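Visitor: I would like to see how this sequence folds:
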Amino acid sequence: MREALAGLTVRGRAFVAAGVTAVVCAVLLGQPALTRVGVLVLALPLVTALVLGRSRYRLALVRTVSPSLVAAGQQARVTLSLSNEGRTPSGVLLLEDHVPYVLGTRPRFVLEGIGHGWRRQVGYQVRSDVRGRFEVGPMSVRVSDPFGLVELGRAFHTTSALTVTPRTVVLAPIPLGGSENGSGDNRPRAFATGSAEDVTVREYHRGDDLRRVHWPSSARMGELMVRREEQPWHSRATVFLDNRATAHRGEGIASSLETAVSAAASVSVHLTRRGFAVRLVTATGEDRASGWHERGADLSTAPLLEALAVLRPVEAPRLDTAWLGEPGHGGLVVAVLGAVQQHDAPVLRRMQSQHGSALALALDVDAWVGGGSGTPATALLAQQGWRAAGVGPRDRLEARWQELGTTARSAARASTRRTTEVGS
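Guide: So this is what the prediction gives:
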């Protein structure tokens with residue numbers, strides 16, 4: 001009852017005040033008829049509050065977000081399916097769904113005629129220019145009587161997730177080096193006789209299919225070894241993203257890190273469409289949960305894009321190198337880098353030496369705070385054998401990507417000339 005009285009609306013409080021005033025005036029003026037009017041006006045909101053407070057509503061809510069994975073700038077639709085599974089009717093339902101401010105304003109709905117077996121669907125659009133994983137909900141419900149005298153609050157505790165992936169741009173095909181012809185462990189040895197000596201094996205990794213365990217090699221090596229003859233025969237590419245906080249400048253959506261994340265997402269989608277199996281590696285190492293994303297359909301990069309959607313800067317002074325010690329992960333590497341220090345040079349050299357081709361998009365991070373020199377880490381990367389292109393805050397990624405292709409063609413022509421000179 002106390003909750004119901006606290007839920008009196010402005011109209012309900014006005015009725016109470018008017019009823020009390022009428023009764024007092026009737027007593028002072030000796031008007032019995034006015035007393036009856038005052039009691040009626042006073043009793044109406046109080047009785048309504050009593051009935052509404054004792055009512056037990058059984059409202060059910062099913063929230064659907066479609067699609068649950070969208071790119072930044074795209075819209076998703078939230079559909080709310082409500083039903084009244086109880087027998088108590090309601091005059092009006094005032095609904096408000098709680099959404100993060102980056103998705104827009106909180107939607108509000110007014111529904112009437114809620115009786116037993118009532119069902120209704122309502123929906124609204126959400127849109128975010130910021131990547132991330134957001135929780136839509138919970139929903140708060142205000143139950144009102146038909147006269148609008150009392151409103152009681154109810155709440156659903158369920159929420160639904162919406163993942164907003166980074167923006168991507170379409171990149172033009174460019175020469176990617178020898179990695180296009182296969183690399184590393186992507187091309188197993190030919191099997192001449194099918195004997196144990198012809199089987200290419202590697203160490204067992206957690207999650208490998210036990211049916212691929214090669215027992216003769218395991219007995220010889222003293223640890224579990226698995227066959228690699230079923231490895232795919234297509235190229236692999238590693239997209240490396242330096243997400244160290246010290247390597248980037250700026251804040252929020254306008255920071256250099258956001259540009260780097262968008263570039264990594266665009267490169268990943270581009271390579272997947274070109275037939276590469278792609279994995280993501282950050283400053284803290286490889287994300288085992290995302291793994292390799294096979295070529296072909298755009299949906300194959302969904303786990304990788306989800307990982308980029310929630311990627312945050314890390315407080316790590318140096319780059320993790322544990323993933324470089326894994327055998328057979330050669331092929332193409334595309335690095336998206338921020339500020340590069342001299343102590344990063346050995347890691348970059350090792351990355352380049354262990355891959356068939358190494359490309360880099362180096363962000364001129366000082367330009368994000370107005371102090372850019374226009375000469376990012378491309379010189380240091382070139383010393384380590386990388387093909388690199390600098391990226392500024394106003395540069396178009398497509399143009400810088402094509403610049404890498406121009407560098408590759410120039411290098412190929414120079415190599416051809418050297419070969420011709422040696423042959424002559």
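Visitor: what about Arg227, neighbour count?
Guide: For Arg227, the neighbour count with other C-beta atoms under 10 Å is 18. C-betas here are computed from N, CA, C, even on glycine.
Visitor: ok, now how distant is it from Arg202?
Guide: 9 Å (C-beta to C-beta, to the nearest Å).
Visitor: show me where the stretch 1-150 of the chain has strands.
Guide: For the stretch 1-150 of the chain, the strands defined by DSSP state E, counting those that start in this stretch occupy 59-66, 69-71, 75-84, 90-97, 108-114, 119-127, 132-136, 139-144.
Visitor: pairing partners for the second one, with directions?
Guide: In other words, strand 69-71. Paired strands of strand 69-71, with direction, are strand 160-165 (parallel) (DSSP bridges).
Visitor: starting at the chain centroid, how far to the partner strand?
Guide: Chain-centre distance of strand 160-165: 6 Å, with C-alpha atoms, centre = their mean, to the nearest Å.
Visitor: buried ones in that strand, by neighbour count?
Guide: Using 16 or more other C-beta atoms under 10 Å as the burial criterion, the residues of strand 160-165 that qualify are Ser160, Leu162, Thr163, Val164, Thr165.
Visitor: ok, and for the helix or strand following it, which residues are buried?
Guide: Next along the chain after strand 160-165, taking DSSP states H and E as the criterion, comes strand 201-203. Across strand 201-203, burial judged by 16+ other C-beta under 10 Å covers Val201, Arg202.
Visitor: so what does strand 201-203 touch, helix or strand wise?
Guide: Using 3 or more C-beta pairs under 8 Å, 6 or more residues apart in numbering; DSSP states H and E, the elements in contact with strand 201-203 are strand 225-227.
Visitor: by contact count, what packs against the strand it packs on?
Guide: Judged by 3+ C-beta pairs under 8 Å, 6+ apart, strand 225-227 is in contact with strand 201-203.
Visitor: quick one: low-confidence parts of the protein?
Guide: Within the chain, the stretches with pLDDT under 70 are 1-4, 55-57, 87-91, 177-200, 206-208, 228-234, 288-301, 326-330, 371-376, 407-424.
Visitor: find the centremost residue of it, please.
Guide: Compute the mean C-alpha point of the chain, and by C-alpha atoms, centre = their mean the closest residue is Ala309, 2.9 Å away.
Visitor: can you give me every residue that contacts that one?
Guide: Taking C-beta atoms under 8 Å, 6 or more residues apart in numbering, we find Ala309 in contact with Arg131, Gly132, Arg133, Thr163, Val164, Thr165, Pro166.
Visitor: got it, and Tyr124?
Guide: Arg77, Val78, Asp97, Pro107.
Visitor: identify the farthest-apart pair in these.
Guide: The distance between the two most remote of these (C-beta to C-beta) is 12.6 Å, for Arg77 and Asp97.
Visitor: those two: who's more crowded?
Guide: Asp97 (23 against 12).
Visitor: nearest to Ala237, out of the strands of the stretch 1-150 of the chain?
Guide: With C-beta to C-beta, the closest approach to Ala237 among the strands of the stretch 1-150 of the chain belongs to strand 69-71: 21.0 Å.
Visitor: report the buried residues of the closest one.
Guide: Leu69, Val70.
Visitor: what of stretch 249-258?
Guide: Neighbour-count burial for stretch 249-258, counted by 16+ other C-beta under 10 Å, picks out Arg249, Gly250, Ser255, Ser256, Leu257, Glu258.
Visitor: Phe147 contacts Leu44, doesn't it?
Guide: Yes - taking contacts as C-beta atoms under 8 Å, Phe147 lies within contact range of Leu44: 7.3 Å.
Visitor: now distance to Val269 and secondary structure too, for the buried residues of stretch 249-258, in CSV please.
Guide: Below are these laid out as CSV (distance: C-beta to C-beta, whole Å; DSSP: H, G, I helix; E, B strand; the rest coil):
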residue, distance to Val269, secondary structure
Arg249, 26, coil
Gly250, 24, coil
Ser255, 22, coil
Ser256, 21, helix
Leu257, 19, helix
Glu258, 17, helix
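Visitor: and these, which is closest to Gly86?
Guide: Using C-beta to C-beta, Glu258 is the member of those that lies nearest Gly86, at 48.1 Å.
Visitor: now do the same contact list for that closest one.
Guide: With C-beta under 8 Å, 6+ apart, Glu258 has these contacts: Arg131, Pro166, Gly252.
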